[in-house]
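**Student:** after the sequence you'll find the predicted model.
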Amino acid sequence: DAGVIQSPRHEVTEMGQEVTLRCKPISGHNSLFWYRQTMMRGLELLIYFNNNVPIDDSGMPEDRFSAKMPNASFSTLKIQPSEPRDSAVYFCASSLSKSGSLNNEQFFGPGTRLTVL
Amino acid sequence: SQQGEEDPQALSIQEGENATMNCSYKTSINNLQWYRQNSGRGLVHLILIRSNEREKHSGRLRVTLDTSKKSSSLLITASRAADTASYFCATGRYGNKLVFGAGTILRVKS
């Protein structure tokens, strides 16, 4: 299995530009998570999906951030317009949620390092 | 605020020594998990301990959970230089959501 795939691995953009991060979860996994990691705030959950449906987006910082999961094998996180304070490493993770079990092991992608100038 | 808080923030030991990291949390949980993150990489799951378990082993890893004190510890025995990484505890309360602590940076000197 290829694991969770994220693209791009690095993104440098200018303030005000739109940024789209992409994630392909592990095949067969039905939960997908977007995290942001910074030195100041650590690892923060932005949003997660179960069976392609957004369940908890309380971590999305503001309306500039949006996430979609059009099918079980693809998700995007979009920032529009981007700001320098959005600079961080963004991780996608997936897990297999089994009936009757909660908070299963998560598999993380390699992350996208975003720099907004 | 973060659910899990690791202690110490940083730990430096010699190869062959044991490393112990602690995690405290604030509310009831379903399970607690430990993850490792090597520099520039994503997190890797190490071990999961359920709220009704007290101790769990996996290779050189030993995890304990004390729900009365709302704390957990991760012990790495006979450490190796390759164990150098950041270690995070994550608590699961409801749904599939995990809340991660700030992490402990472990450096193993060879």
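**Tutor:** Yes, it's here.
**Student:** burial count for the residue lying closest to residue A:72 once chain neighbours are set aside?
**Tutor:** Once its chain neighbours are removed from consideration, residue A:72 has its nearest residue in residue A:52; the separation is 6.0 Å (Cβ to Cβ, 6 or more residues apart in numbering or on different chains). For every residue, glycine as well, the C-beta is placed using N, CA and C. By the criterion of other Cβ atoms under 10 Å in any protein chain shown, residue A:52 has 16 neighbours.
**Student:** tell me the contacts of residue A:52?
**Tutor:** Residues counted as contacts of residue A:52 (Cβ atoms under 8 Å, 6 or more residues apart in numbering or on different chains) are A:69, A:70, A:71, A:72.
**Student:** what's the spacing between residue B:10 and residue B:75?
**Tutor:** Residue B:10 sits 17 Å away from residue B:75 when distances are taken as Cβ to Cβ, to the nearest Å.
**Student:** between these two, who's got more neighbours?
**Tutor:** residue B:75 (14 against 10).
**Student:** what sits closest to the more buried one if chain neighbours are left out?
**Tutor:** Among residues not flanking residue B:75 along the chain, residue B:62 sits closest, at 4.3 Å (Cβ to Cβ, 6+ apart).
**Student:** host element of the residue nearest the centre of chain A?
**Tutor:** For chain A, residue A:34 is the residue whose C-alpha lies nearest the centre (Cα atoms, centre = their mean; 2.6 Å). With secondary structure defined by DSSP states H and E, residue A:34 is part of strand A:31-38.
**Student:** which strands and helices lie in contact with the next helix or strand after that strand?
**Tutor:** Next in sequence after strand A:31-38, counting helices and strands by DSSP H and E, comes strand A:42-50. Strand A:42-50 sits against strand A:31-38, strand A:53-56, strand A:65-71, strand A:74-79, strand B:98-100, with contacts defined as 3 or more Cβ pairs under 8 Å, 6 or more residues apart in numbering or on different chains; DSSP states H and E.
**Student:** chain center to strand A:42-50: distance?
**Tutor:** Taking the mean C-alpha point of strand A:42-50 and that of its whole chain, the gap between them comes to 7 Å (Cα atoms, centre = their mean, to the nearest Å).
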